[in-house]
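>>> Okay, sequence plus prediction incoming.
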Amino acid sequence: YNYDDRYYIEGSYRKDGSSAFHKDVRWGDFFSVGGSWRISEESFMNSLAWIDNLKIRASYGEVGNDNIGDYGYQALYGTYPNATHPGIRWETVGNAALTWEVNRTFDVAVDFSLFNRINGSIEWYNRESVDLLYEMPLPSTMGLLNQPRNIASLFNRGFEININGDIIRTSDFRWNISLLGSTLTNEVTYIPDPFVNGTKRWSEGHSIFDFWLRKFYDIDPEDGATRFHVWEDVTDEEGTVIGTQLAYDANGDPVLTKDHNSAGYGYVGASGFPDLQGSIGNTFTFKGFPVSALLTYSLGGEMFDGIYQGMLVATPGESMHPDVLNSWRNTGDNTDFPRLQYANTSLYANSDFFLISSDYLSIRNITISYDLPKQVFNKLGVSNLSVFATGENLYMFTARKGMNPTFNFTGTQNVMAFAPSKSFILGLNVQF
């Protein structure tokens, strides 16, 4: 609904059904409502000529998620050959209590255009996910790996900022810049059964991106072994374990161990998700000669560099990182790298030693083009003719050479993942 090009409101309702859920909870009701107010169209704004457009908008909506496979509520068997004979096997556990995951999103934003030169938007959003769907790992004695469950509730909230403007604008030269930035805060608000997922642990009051690791302490100068600061359990008044903390003895000294199986795990105060991420775009135009550059960035996150870890382990026949040259050799050596010893898993066991900043600045694209003067191609029967050169993924500044922080948002790497390919393109645009 639109009233006088100043006030807008809209809404929607939908009823969805999914075969992933039992017939008693198969149908879900979802809706959304939104509105906006174009403040710049009000009469009291007439005296503010420098404001070209100003609008406030807000919306709230609920959507359902059933992405948990077909017939997730049922325990199913599947055909499977037994040598030359047909057979069947148990394939899914099923869960009759499975129901819709509901995502409730509220956002409020300001859109603006100022001085006939700058425009953009500033938005705050809050997304709450209830009855989160997840393939919950099962004990190996069950015979199957996981079961679909509604395991938790969490929220994601943050800001998104988009600003675009002409820094310089003359008859011959124009410099336009575009800035994008976003933040995200993630926290689990309810989970009856906390669990570990790789280098993370899902528990109330923490983010699903918070690292759950052993605590590296130092390398013992006497024998070159890795020493870990031990995590100890924290219990409530009833004796239930509610978390972990770093252990100290009666003298206040840290409790250390060289056995990685005795070191325990805890939150090490690092997150795989960045504090700020976005892009910076620049376009320079001088007499039909435009040059554009796009940079992307990320600030504030950390990464568990498992590839680096693998290149430090003494594995015969495989390449090793140059940092192994700093390994412990003799009694009294002070270094951050343990002795080289084949098949000793404690020396380079997973710990916060392998966390590194995931900050990066990437030169994603640079394009140079030139529009040929019309007198050059008028006789050829074309309306426009231009040449261009483009370079993509030209360079990425990172904390460690060869590291790819853009692989995912969980703060991990995969040795099988492809790095962004660098490319150069020369081209000709012809319009008739």
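Everything's here; your move.
>>> Report the beta-bridge partner residues of F155.
Here F155 sits in beta bridges with E128, E187, as judged by DSSP bridges.
>>> Count the neighbours of it for me.
15 (other Cβ atoms under 10 Å). The C-beta positions use only the backbone N, C-alpha and C, and glycine is treated the same way.
>>> Show me what V430 bridges to in the sheet.
With DSSP bridges as the rule, V430 is bridged to L385.
>>> ok, now M303?
Assigned bridge partners for M303, using DSSP bridges, are I356.
>>> Surely L154 touches L184?
No: L154 lies out of contact with L184 (Cβ atoms under 8 Å); the separation is 11.8 Å.
>>> wait, T99 sits on D131?
Yes: applying Cβ under 8 Å, one finds T99 in contact with D131, separated by 5.9 Å.
>>> Comparing these two, which residue is more hemmed in?
T99 (21 against 18).
>>> Can you classify the more buried one by secondary structure?
coil (DSSP: H, G, I helix; E, B strand; the rest coil).
>>> That one: what's it in contact with?
21, 25, 131, 150 (Cβ atoms under 8 Å, 6 or more residues apart in numbering).
>>> quick one: it and L76, what's the gap?
19 Å (Cβ to Cβ, to the nearest Å).
>>> again with D66
17 Å.
>>> and what of E135?
15 Å.
>>> tell me which of the contacts of T99 is nearest to W202?
W202 lies nearest to N150 out of the contacts of T99, by Cβ to Cβ, at 13.4 Å.
>>> measure that closest one to A97 for me?
Taking Cβ to Cβ, one finds N150 at 7 Å from A97.
>>> So between the two, which is more surrounded?
N150 (19 against 12).
>>> who's in contact with that one?
Applying Cβ under 8 Å, 6+ apart, we find N150 in contact with 97-99, 101, 131-134.
>>> one more time with 10 Å
Counting by Cβ atoms under 10 Å, 6 or more residues apart in numbering, N150 touches 68, 95, 97-102, 130-134, 136.
>>> bridging residues for it?
L133.
>>> Any figure for the gap between it and W100?
With Cβ to Cβ as the criterion, N150 and W100 are 9 Å apart.
>>> returning to that earlier point: between L154 and L184, which contacts overlap?
Common neighbours of L154 and L184 (Cβ under 10 Å, 6+ apart) are 127, 207.
>>> Please write out the alpha-carbon positions of stretch 38-48 in PDB.
Provided in PDB are the C-alpha atoms of stretch 38-48 (Å, rounded to 0.1, in the frame of the first residue of the first chain):
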ATOM      1  CA  ARG A  38      10.000   8.900   2.700                       C
ATOM      2  CA  ILE A  39      10.900  11.700   5.100                       C
ATOM      3  CA  SER A  40      12.300  13.800   2.300                       C
ATOM      4  CA  GLU A  41       8.800  14.200   0.800                       C
ATOM      5  CA  GLU A  42       7.500  15.900   3.900                       C
ATOM      6  CA  SER A  43       6.900  19.700   3.700                       C
ATOM      7  CA  PHE A  44       9.100  20.400   6.700                       C
ATOM      8  CA  MET A  45      12.100  19.100   4.700                       C
ATOM      9  CA  ASN A  46      11.700  21.700   1.900                       C
ATOM     10  CA  SER A  47      14.300  24.000   3.500                       C
ATOM     11  CA  LEU A  48      16.900  21.300   3.500                       C
END
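>>> Distance from the chain centre to that stretch, please.
Mean-position distance between stretch 38-48 and its chain equals 40 Å (Cα atoms, centre = their mean, to the nearest Å).
>>> And for stretch 22-32?
With Cα atoms, centre = their mean, you get 30 Å for stretch 22-32.
>>> Could you give me the buried positions within that stretch?
By neighbour count with 16 or more other Cβ atoms under 10 Å, stretch 22-32 contains the buried residues 22, 26, 28, 30.
>>> And stretch 343-354, by the same measure?
Here stretch 343-354 shows 344, 346-354 as buried, counting by 16+ other Cβ under 10 Å.
>>> do the same with stretch 269-283
Neighbour counts over stretch 269-283 (16+ other Cβ under 10 Å) mark 270-274, 276-283 as buried.
>>> Chain neighbours aside, what residue packs nearest to N414?
Nearest-residue entry for N414: F407, 6.4 Å, with adjacent residues in sequence omitted and distances by Cβ to Cβ, 6 or more residues apart in numbering.
>>> what about the one you found, how many neighbours?
With other Cβ under 10 Å as criterion, F407 counts 17.
>>> hang on, it is in a helix, isn't it?
No: checked against three-state DSSP, F407 lies outside a helix; its state is coil.
>>> That one reaches Q413, doesn't it?
Yes: between F407 and Q413 there is a contact under Cβ atoms under 10 Å: 5.6 Å.
>>> what's downstream of the strand or helix carrying I163, the next helix or strand?
Assessed by DSSP states H and E, I163 sits inside strand 153-169. Going down the chain from strand 153-169, the next helix or strand is strand 173-182, by DSSP H and E.
>>> Could you pull out the buried residues of that following strand?
Quick answer for strand 173-182 (16+ other Cβ under 10 Å): 175-178, 180-182.
>>> which of those residues sit farthest apart?
W175 and S182 (24.2 Å).
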